[in-house]
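S.K.: what follows is a protein structure lacking sequence information:
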């Protein structure tokens, strides 16, 4: 059984966070999304909404899409006066920009910088927030500057709910391929930006539903065009449940994993979250076992090999055999 949520812990903080999100975004959110964002139950979200209605005199609008309830705060009749930004809020915004600078590319980084410069006018009093505290370490990163136009096109397609025609070069392919897609989410993983999408019907051909919704690395995109065809965003789409439920960006059938780590690797691994369902057991000084679920055998093999002799895969057996073959092949690269 998972850890029971404390419905009353930081209730005031949750109320303010929910009010600010709904009031200033103008967007609709499902109860499932808000429950995940606030780390509380749907019943608590409903209580918060009731308290917001009574305390702030706003109107909370509700609608159902595919049996899922969505809520939003009805916009006020006249614009709100801009709220001041605290020194710490500005620092956090600058930290987010600088930590992700290598993912933005130069044009998007400059746009983020201009937005922060404008926001300085909203700082309380005559305060200023230093911009020199944060940076990112970039070996092995991808320069996303040339993909600024592609990223803007995809964002526009997501906003307008339009199907995209994408020309894409898979990593081992010799020629680009053309796809018709419903773009759902841009996200980053290990310093790489991906598009998660659903396949759309290709003009003149019957629609065939894919076994898995495809992933596209932005830096392998050659062109993206917005078509006139619209699509309905899937009401049951949940990025967190799709990706952040186990180890591996490739989502195939999940399987259980157990690995033993020793030495430096044991300490490194125990400091991090590799899967929400992970269990770490201590086996003496500088020795642990890690158990979790994974959805990609190829990624698991690569990850275990990265720890050298300090990692030993215990299960599953089939992947142990694959590791043995890889290790023997690696030894062959260095002679008999």
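M.R.: Sure thing, it's come through. Quick caveat, the model's predicted, so the values are computed rather than measured. Residues are numbered from 1 along each chain as shown.
S.K.: report all helices and strands that the helix or strand hosting residue 104 contacts.
M.R.: Element membership of residue 104, judged by DSSP states H and E, is helix 101-119. With contacts taken as 3 or more Cβ pairs under 8 Å, 6 or more residues apart in numbering; DSSP states H and E, helix 101-119 sits against helix 87-99, helix 148-160. C-beta coordinates here come from the backbone N, C-alpha and C atoms, glycine included.
S.K.: helices and strands around the first one, which ones?
M.R.: Counting contacts by 3+ Cβ pairs under 8 Å, 6+ apart, helix 87-99 packs against helix 101-119.
S.K.: quick check, residue 46 in contact with residue 38.
M.R.: No. The pair residue 46 / residue 38 is not scored as a contact, 11.8 Å apart, by Cβ atoms under 8 Å.
S.K.: any stretches of the stretch 151-300 of the chain with poor pLDDT?
M.R.: By pLDDT under 70, the stretch 151-300 of the chain contains no weakly predicted segment.
S.K.: can you map out the strands along it?
M.R.: Using DSSP state E, counting those that start in this stretch, the strands found in the stretch 151-300 of the chain span residues 162-168, 177-189, 192-199, 215-217, 221-230, 255-262, 279-282, 287-294.
S.K.: mind putting those strands in a markdown table, distance to residue 269 and mean neighbour count included?
M.R.: A markdown table is the format used below for the strands of the stretch 151-300 of the chain (distance: least, Cβ to Cβ, whole Å; neighbours: other Cβ atoms under 10 Å):
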| stretch | distance to residue 269 | mean neighbour count |
| --- | --- | --- |
| strand 162-168 | 34 | 20 |
| strand 177-189 | 19 | 16 |
| strand 192-199 | 22 | 20 |
| strand 215-217 | 26 | 18 |
| strand 221-230 | 34 | 14 |
| strand 255-262 | 5 | 18 |
| strand 279-282 | 8 | 12 |
| strand 287-294 | 6 | 18 |
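S.K.: tell me which of those strands sits nearest to residue 336.
M.R.: strand 255-262 (28.0 Å; Cβ to Cβ).
S.K.: give me the contacts around the closest one.
M.R.: Contacts with strand 255-262, where a contact means Cβ atoms under 8 Å, 6 or more residues apart in numbering, come from 247, 269-270, 283, 286-295, 297, 300, 304, 307, 310-316, 319.
S.K.: what's the answer for stretch 303-319, then?
M.R.: 247, 255-266, 269, 289, 297, 300-301, 320, 323, 326-327, 330.
S.K.: measure it end to end?
M.R.: End-to-end distance for stretch 303-319, by Cα to Cα, to the nearest Å: 12 Å.
S.K.: same question for stretch 33-46.
M.R.: With Cα to Cα applied, stretch 33-46 spans 13 Å between its terminal residues.
S.K.: right, so of the strands of the stretch 151-300 of the chain, which gets closest to residue 95?
M.R.: Counting by Cβ to Cβ, residue 95 lies closest to strand 177-189 out of those; the figure is 15.7 Å.
S.K.: which elements pack onto that closest one?
M.R.: By 3+ Cβ pairs under 8 Å, 6+ apart, strand 177-189 packs against helix 148-160, strand 162-168, strand 192-199, helix 239-243.
S.K.: now do the buried residues in the first one.
M.R.: In other words, helix 148-160. 148, 150-151, 153-154, 157-158 (16 or more other Cβ atoms under 10 Å).
S.K.: one more: the last one?
M.R.: Neighbour-count burial for helix 239-243 flags residue 243 (criterion: 16+ other Cβ under 10 Å).
S.K.: other SSEs contacting it?
M.R.: strand 177-189, strand 192-199.
S.K.: pick out the residue closest to the middle of this protein.
M.R.: residue 187 (4.8 Å; Cα atoms, centre = their mean).
S.K.: any idea how far it is from residue 250?
M.R.: 14 Å (Cβ to Cβ, to the nearest Å).
S.K.: ok, now residue 287?
M.R.: 30 Å.
S.K.: next: residue 109.
M.R.: Taken as Cβ to Cβ, the span from residue 109 to residue 250 is 29 Å.
S.K.: higher neighbour count, those two?
M.R.: residue 109 (19 against 12; other Cβ atoms under 10 Å).
S.K.: hang on, the earlier thing: who wins for proximity to residue 73 among the helices and strands packed on helix 101-119?
M.R.: helix 148-160 (20.0 Å).
S.K.: which strands and helices sit next to that closest one?
M.R.: Other elements packing on helix 148-160 under the criterion 3+ Cβ pairs under 8 Å, 6+ apart are helix 101-119, strand 162-168, strand 177-189, strand 221-230.
S.K.: how does it look with 6 Å?
M.R.: strand 177-189, strand 221-230 (3 or more Cβ pairs under 6 Å, 6 or more residues apart in numbering; DSSP states H and E).
S.K.: no more questions from me, cheers.
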